[in-house]
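S.K.: sharing a model that was predicted from the sequence below.
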Amino acid sequence: MKILVTNDDGIFADGLIALVKELKNIAEVVVVAPDRELSAMGTTVSLHQPVRARKATPVADGVESYAVEGTPADCVILALGKLVKDEIDLVFSGINRGANLGDDVLISGTVGAALQGSLHGLPALAISAGWGDSFYFDDAAKFAALLAKRVDSGVIPADICLNVNLPNLPREEITGVKITCPARYSHTDIIEERYNNGRQYYWFIRKRVNKAVDDNTDTWAMERGNISISPLLTSHANKPLSPLPDSLCPELFNEFKQI
């Protein structure tokens, strides 16, 4: 199995490094990621400006790594179309610094990169670690490896894009794994009017909505200490999503707790 890893926090972000170090134990890994932080880029593609890439210092021993002057989605397109010689079997985006819940999926560069992989016909997963004073990236990376194994074995369908979020808890305090859907409302946008040298401009601030959420949504699961797995629709074609097996969550949870 060969896995492409990207993110939106930049090629040398701690979350990406943790993910790569874990995945390289079970697969061949190549990294193609932005050369800087490019959060909140969604699925933006650079159509009217050049995109540059360079060989980067390997993020882990023996891992081919490229830094791209472009968006997370650009990274996936460039990797699949030019930079990576052998066929990719799975696209992983993350591990993001902070959860991507609810309407985050519409603007998240982490999710946008995974969606781009799915649009190219590959199984793709976005993975994020919940906000906190510190991040449990190593635990999230171990869970990512469990998911990768299930993609490789066919337990997780190949025609699917998953948005995975882990609560900001040590592994022993996580309460379960839930298959969810994105919550309808997770943020409100505040617009501040500001001035610089007499010139007016606007500053957008996103704040989480502190309100009750529907059962079985990603926010609902995370608030209860669960890992959330949300299948995302990547095509407007009238085609149902391949179902995830009912046994997936308890199997993942039991194995995750025993690592």
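M.R.: Ah, there it is. Numbers count the residues shown, from 1 in each chain.
S.K.: show me where the stretch 51-200 of the chain has helices.
M.R.: In the stretch 51-200 of the chain, the segments counted as helices under DSSP state H, counting those that start in this stretch are 72-78, 109-119, 137-153.
S.K.: the longest one: which residues count as buried?
M.R.: Within helix 137-153, the residues that count as buried by 16 or more other Cβ atoms under 10 Å are 137, 139-152. C-beta coordinates here come from the backbone N, C-alpha and C atoms, glycine included.
S.K.: need the helices of the stretch 51-200 of the chain in a markdown table with distance to L38 and mean pLDDT, can you?
M.R.: Putting those into a markdown table (distance: least, Cβ to Cβ, whole Å; pLDDT from 0 to 100) gives the following:
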| stretch | distance to L38 | mean pLDDT |
| --- | --- | --- |
| helix 72-78 | 6 | 98 |
| helix 109-119 | 6 | 97 |
| helix 137-153 | 19 | 97 |
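S.K.: that older thread, which one of the buried residues of helix 137-153 is nearest to L248?
M.R.: Each of these was checked against L248 using Cβ to Cβ; the closest is R150, at 7.1 Å.
S.K.: nearest residue to the closest one other than its sequence neighbours?
M.R.: Distance criterion Cβ to Cβ, 6 or more residues apart in numbering; nearest residue to R150, sequence neighbours excluded, is I156 at 4.6 Å.
S.K.: likewise for P245?
M.R.: Distances taken as Cβ to Cβ, 6+ apart place V155 nearest to P245, at 6.4 Å, with adjacent residues excluded.
S.K.: surely the one you found meets L252?
M.R.: No - with contact defined as Cβ atoms under 8 Å, V155 does not count as touching L252 (9.7 Å).
S.K.: the two - which one has more neighbours?
M.R.: A direct count of neighbours by other Cβ atoms under 10 Å for V155 and L252 places L252 higher, at 21 against 15.
S.K.: surely the more buried one forms part of a helix?
M.R.: Yes - applying DSSP: H, G, I helix; E, B strand; the rest coil, one finds L252 inside a helix.
S.K.: leaving out sequence neighbours, find the closest residue to it.
M.R.: L252 sits nearest to V177 (Cβ to Cβ, 6+ apart), 5.0 Å away.
S.K.: tally of neighbours for the one you found?
M.R.: For V177, using other Cβ under 10 Å, the count is 23.
S.K.: show the pLDDT at the nearest residue to S108 once chain neighbours are set aside.
M.R.: Among residues not flanking S108 along the chain, N100 sits closest, at 4.4 Å (Cβ to Cβ, 6+ apart). Reading off the confidence values, N100 has pLDDT 95.
S.K.: for N100, phi and psi?
M.R.: Here is the backbone geometry of N100 (degrees, to the nearest 10): phi -120, psi 90.
S.K.: my guess is it contacts A126. True?
M.R.: Yes - using Cβ under 8 Å, N100 is in contact with A126, at 6.6 Å.
S.K.: coming back round to it: quick one, what contacts the residue nearest to S108?
M.R.: N100 makes contact with S108, T110, V111, A126, S128, N163, N165 under the criterion Cβ atoms under 8 Å, 6 or more residues apart in numbering.
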